[in-house]
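J.: Please work out how this folds:
(one chain, ligands or ions: 2)
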Amino acid sequence: MELSADNREKNLKRIKNTVLVMSGKGGVGKSTVAVNLARALNASGKKTGIMDVDIHGPSVAKMLNLEGEGLSQTPTGYLAPVKVCDNFYAASIAFLLENESAPVIWRGPMKSNFINQMFDSFAWPELDYLVIDCPPGTGDEHMTVIQALGKVTGAVIVTTPQHLACLDVKKALNFLKQMSVDVIGIIENMAYFKCPDCGKKVEIFKTGGLAELVEEFKMSILGSLPIESAVGESGDTGESLFEKAPSSAAAKTFMDIAGKISSGVPGVRGAKPANNA
Ligand SMILES: Nc1ncnc2c1ncn2[C@@H]1O[C@H](COP(=O)(O)OP(=O)(O)O)[C@@H](O)[C@H]1O
Ligand SMILES: [Mg+2]
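T.: Numbers count the residues shown, from 1 in each chain. Ligands and ions are numbered 1, 2, ... in the order given. Here you go, the predicted model:
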């Protein structure tokens, strides 16, 4: 493979905005948010990419129905991110694994090396947004991707309403502060469930943990997503939530969040912070 030392710089010039999707905790819906936010940005006309830096638990390929896809080379010898649909591209370690059950048994330096390769050895097209799906916590993967990017547009934090999830989010927020990454806002996932029979809204995890967090860290709530079967199903099948259930509350909330983010993310090109107005 021909590699030019300045390929990362060329890639970063082609990518206008980079959005980290983070949480302190696992299983709160980071990958669900990353995939649907990327789909929503793409559906609203933005050139979008998604990069999966969850090396041990890559979900993006499955959630986009791209399992079994391999990586191809561009005519100039770089790796090509996999095309999801027009103006939407994805990169993940899953495209290099033999099958979906194959574990990645790598220590930190190898994980960091692979994340750097996703900038150095890949040829990304011109993108308005690169959404980055992070693993839980604040480890090697997060530090590597932030350092590789140099300047991150901002982070979208995902939490569920429980105190335990909110506690871990605090660690993520303090980590981002130390790494000088702006927070675009927080998404409350699994905020409620609406009974399909009687329409009653039930706040299954309600604890007030989020209100405390928002007050302490002065963040915007970008949106509150319900627990919805269409969300879980689209994650399992890889079908687009926006094609399968466009009138679902979750699909509408994701479109709304994408609009808030694209109308003003903090950090670059003089854009204003996203807010709830
Ligand atoms: N709002 C939601 N409604 C229904 N299922 C959801 C919702 N958010 C996430 N899930 C499901 O919960 C599981 C964990 O979500 P995932 O996005 O993989 O979390 P994480 O990336 O934080 O580990 C997945 O099976 C996903 O489909
Ligand atoms: Mg995940």
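
J.: Next one: the nearest residue to Val131 once chain neighbours are set aside relative to Met63, how far apart?
T.: In space, and not counting its chain neighbours, Val131 is closest to Ala38: 4.3 Å by C-beta to C-beta, 6 or more residues apart in numbering. Using the backbone N, CA and C atoms, a C-beta is placed for each residue, glycine as well. Counting by C-beta to C-beta, to the nearest Å, the gap between Ala38 and Met63 amounts to 10 Å.

J.: sorry, back to before: report the distance from the helix or strand where the residue nearest to Val131 lies to the chain centre.
T.: Using DSSP states H and E, Ala38 maps to helix 30-43. Here helix 30-43 shows a centroid-to-chain-centroid distance of 7 Å under the convention C-alpha atoms, centre = their mean, to the nearest Å.

J.: do stretch 144-154 as well
T.: Computed by C-alpha atoms, centre = their mean, the chain-centroid distance of stretch 144-154 equals 14 Å.

J.: any idea of the mean pLDDT for it?
T.: Here the mean pLDDT over stretch 144-154 is 95, rounded to a whole number.

J.: Can you confirm whether the helix or strand encompassing Lys177 lies near ligand 1?
T.: Per DSSP H and E, Lys177 falls inside helix 163-178. No: no part of helix 163-178 sits near ligand 1 under the criterion C-beta under 6 Å from any ligand atom; the closest distance found is 9.7 Å.

J.: CA atoms of the next helix or strand after that helix as CSV?
T.: Using DSSP H and E, the helix or strand that follows helix 163-178 in sequence is strand 183-188. What follows is strand 183-188 as a C-alpha-only set of coordinates in CSV (Å, rounded to 0.1, in the frame of the first residue of the first chain):
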residue,chain,number,x,y,z
VAL,A,183,-19.5,19.3,25.0
ILE,A,184,-22.3,19.9,22.4
GLY,A,185,-24.9,18.6,24.7
ILE,A,186,-26.4,15.6,26.3
ILE,A,187,-29.0,13.1,25.0
GLU,A,188,-31.2,11.3,27.5
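
J.: Of Ala38 and Met63, which one has the most company?
T.: Counting neighbours by other C-beta atoms under 10 Å for Ala38 and for Met63 shows that Ala38 has the greater number, 31 against 27.

J.: Spit out the contact partners of the more buried one.
T.: Thr48, Gly49, Ile50, Phe88, Tyr129, Val131 (C-beta atoms under 8 Å, 6 or more residues apart in numbering).

J.: So which residues on the stretch 151-277 of the chain come close to ligand 1?
T.: Applying C-beta under 6 Å from any ligand atom, one finds that the stretch 151-277 of the chain approaches ligand 1 through Asn189, Met190, Leu225, Ile227, Glu228, Val231, Gly232, Gly235, Ala250.

J.: how many neighbours does the second one have?
T.: Meaning Met190. By the measure other C-beta under 10 Å, the count of residues near Met190 is 24.

J.: what does Glu216 give?
T.: Glu216: 11 neighbours (other C-beta under 10 Å).

J.: Grab the nearest non-local neighbour of it.
T.: Using C-beta to C-beta, 6+ apart, the nearest residue to Glu216 is Lys170, at 7.8 Å.

J.: Report the separation between whatever residue of the chain ends up closest to ligand 2 and Thr160.
T.: For the chain, the residue positioned closest to ligand 2 under C-beta to the ion is Ser31, at a distance of 3.3 Å. The spacing between Ser31 and Thr160, counted by C-beta to C-beta, is 14 Å.

J.: and what of Ile187?
T.: Taken as C-beta to C-beta, the span from Ile187 to Thr160 is 10 Å.

J.: Just list whatever residues bridge to Ala91.
T.: Partner residues in beta bridges with Ala91: Met51, with DSSP bridges as the criterion.
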